[in-house]
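[1] Would you be able to build a 3D model of this:
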Amino acid sequence: MNKIGIIGGGAWGTALAVAARRTGRQVVIQAREPEVAEAINQSHRNPLFLPDVDLDPAIEATTDPAQAAAADAVLLVTPAQHLRRICQTLAPAWTAGVPAVICAKGIEQETCALMSEVVEETLPGVSFAVLAGPTFAAEVARDKPTAVTLAAADPGLARELAAALGTPRLRIYRTDDLIGTQLGGAVKNVLAIACGIVEGRNLGENARAALITRGLAEIVRLGVAKGAHPDTLMGLSGLGDVTLTCTAMQSRNYSLGVALGRGGVLESILEARASIAEGVFTASSVTDLARRLDVDMPICTAIDGVLNHYADIDAAIAGLLSRPFKPEAPLG
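    Okay, here's the model as predicted:
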């Protein structure tokens, strides 16, 4: 895997380009915005999505997805709700034998499909892996110590990809649990919005700790119903990602929740941002998936109500706090 293609010129795609260059790989990154591609090629910066980080001059940028996909492995780093469209665009030009690495975190709206299910439908026959875990793009780009999970059904592919992307400061742990690796990364964005609301409403650190713990129980319940291994959700792509995203203002979802908790209007908050907070879209799809699988997810349901059904924040909080007392169980 000497050449790595990256579809998506946002912060995470750019950080992964930097990481791949550290292992000596040739890197081509595709950006939707022409100004982003131009800035990467000419000034070796991505001022729109990853400012103040110098990029290796050898990183090439393009606006043509097919050009980036002409590689030995292709990282799909588009927003989750756009993944189906971009894969359909790439399908005619995809080279046989080239694996895809899914780096998007989310659940598709309406279909409730995981990102791997989207890839299986749109890129039939393509081998794929999932990269997830607790990562802030700027820290990976600056070579701060980071650990992630790489899930693949084929252990040989997982080893090849780990060698192509991993460094002593970007530690890659392998698993074959594709479902668990994806669900942790998707649902934690919804929980992060909830934790941000707790901060914005000044409800205290106790409340946030409780929300994280009970939210993790929701993830495990959904994961087990979907076929995931519970231990995966106690790892980097579950507990690790939840811990990071639910506690730091660097998180787009957490900071959005803080703004909502302080009285902000969702539409205005979103309009003021260049980057996408995936939890806004995943809230509806995760609660829909939970209903289909008959899984109780009260925190995610409450956040879906606030984001998509005009529910009052204080009423949603009161509804969660008034739930009946019950025994604490590992999955309950």
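[2] CA only for contacts and neighbour counts going forward, please
    Fine.
[3] Just say helix, strand or coil for L161.
    Classification of L161 by DSSP: H, G, I helix; E, B strand; the rest coil places it in helix.
[4] Now do the same contact list for it.
    Going by Cα atoms under 8 Å, 6 or more residues apart in numbering, L161 touches M1.
[5] what pLDDT does it get?
    Looking at L161, its pLDDT is 97.
[6] My guess is K105 contacts A186. True?
    Yes: with contact defined as Cα atoms under 8 Å, K105 reaches A186; the gap is 4.9 Å.
[7] quick one, helices of the stretch 201-332 of the chain?
    Ranges of helices within the stretch 201-332 of the chain are 205-226, 241-245, 252-261, 266-271, 279-292, 298-308, 313-321, based on DSSP state H, counting those that start in this stretch.
[8] any chance of the ones you listed in TSV, with mean neighbour count too?
    TSV is the format used below for these (neighbours: other Cα atoms under 10 Å):
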stretch	mean neighbour count
helix 205-226	19
helix 241-245	24
helix 252-261	25
helix 266-271	12
helix 279-292	22
helix 298-308	21
helix 313-321	14
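[9] Let me have those helices in JSON lines, extended by distance to C87.
    As requested, the helices of the stretch 201-332 of the chain are exported to JSON lines (distance: least, Cα to Cα, whole Å):
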{"stretch": "helix 205-226", "distance to C87": "24"}
{"stretch": "helix 241-245", "distance to C87": "26"}
{"stretch": "helix 252-261", "distance to C87": "25"}
{"stretch": "helix 266-271", "distance to C87": "26"}
{"stretch": "helix 279-292", "distance to C87": "19"}
{"stretch": "helix 298-308", "distance to C87": "27"}
{"stretch": "helix 313-321", "distance to C87": "37"}
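[10] In a markdown table: these, plus mean pLDDT.
    Formatted as a markdown table, those follow (pLDDT from 0 to 100):
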| stretch | mean pLDDT |
| --- | --- |
| helix 205-226 | 97 |
| helix 241-245 | 97 |
| helix 252-261 | 96 |
| helix 266-271 | 94 |
| helix 279-292 | 96 |
| helix 298-308 | 97 |
| helix 313-321 | 97 |
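[11] Of those, which is nearest A15?
    helix 252-261 (16.0 Å; Cα to Cα).
[12] Out of the helices and strands in the chain, which is least certain?
    Within the chain, no helix or strand scores below helix 266-271, which has a mean of 94 by mean pLDDT, DSSP states H and E.
[13] still on that earlier bit, figure out which of the helices of the stretch 201-332 of the chain is closest to E117.
    Checking those against E117 by Cα to Cα gives helix 205-226 as the closest, at 12.5 Å.
[14] got the contact list for the closest one?
    179-180, 183-184, 187, 191, 194-195, 198-199, 229-230, 233, 238-239, 242-243, 246, 290, 293, 295-297, 299-300, 330-332.
[15] try 7 Å
    With contact meaning Cα atoms under 7 Å, 6 or more residues apart in numbering, helix 205-226 is reached by 180, 183-184, 187, 191, 195, 198, 230, 233, 290, 293, 295, 297, 299, 331-332.
[16] try stretch 305-318
    Under Cα under 7 Å, 6+ apart, the answer for stretch 305-318 is 280, 302.
[17] Checking the residue positioned nearest the centre of the chain next. Helix, strand or coil?
    Centroid-nearest residue in the chain, with Cα atoms, centre = their mean: K105, separated by 2.8 Å. Secondary structure state of K105, per three-state DSSP, is coil.
[18] Tell me the spacing between it and V77.
    Noted for K105: a distance of 9 Å to V77, by Cα to Cα, to the nearest Å.
[19] for G279, same thing?
    Counting by Cα to Cα, the separation of G279 from V77 is 16 Å.
[20] got it, and A164?
    17 Å.
[21] Touching whichever strand or helix holds A61 from outside, list them.
    Element membership for A61 (DSSP states H and E) is strand 60-62. By Cα under 7 Å, 6+ apart, the residues outside strand 60-62 that reach it are 27-31, 37, 40-41.
[22] Tell me which residues touch S127, please.
    Going by Cα under 7 Å, 6+ apart, S127 touches 99-100.
[23] Distance check, it against N41.
    From S127 to N41 the distance is 30 Å (Cα to Cα).
[24] Am I right that K188 falls within a strand?
    No: K188 sits outside any strand when classified using three-state DSSP, being helix.
[25] Among the contacts of strand 60-62, which are located in helices?
    37, 40-41 (DSSP state H).
[26] between the residues you listed, which has the most around it?
    I40 (25 neighbours; other Cα atoms under 10 Å).
[27] pretty sure that one is touching P47, no?
    No: counting by Cα atoms under 7 Å, I40 sits too far from P47 to count as a contact (8.8 Å).
[28] quick one, what contacts the nearest residue in space to P134 that is not next to it in sequence?
    Using Cα to Cα, 6 or more residues apart in numbering and skipping residues adjacent in sequence, the residue nearest P134 is D241, 4.0 Å away. Listed by Cα under 7 Å, 6+ apart, the contact set of D241 reads 133-134, 185, 188.
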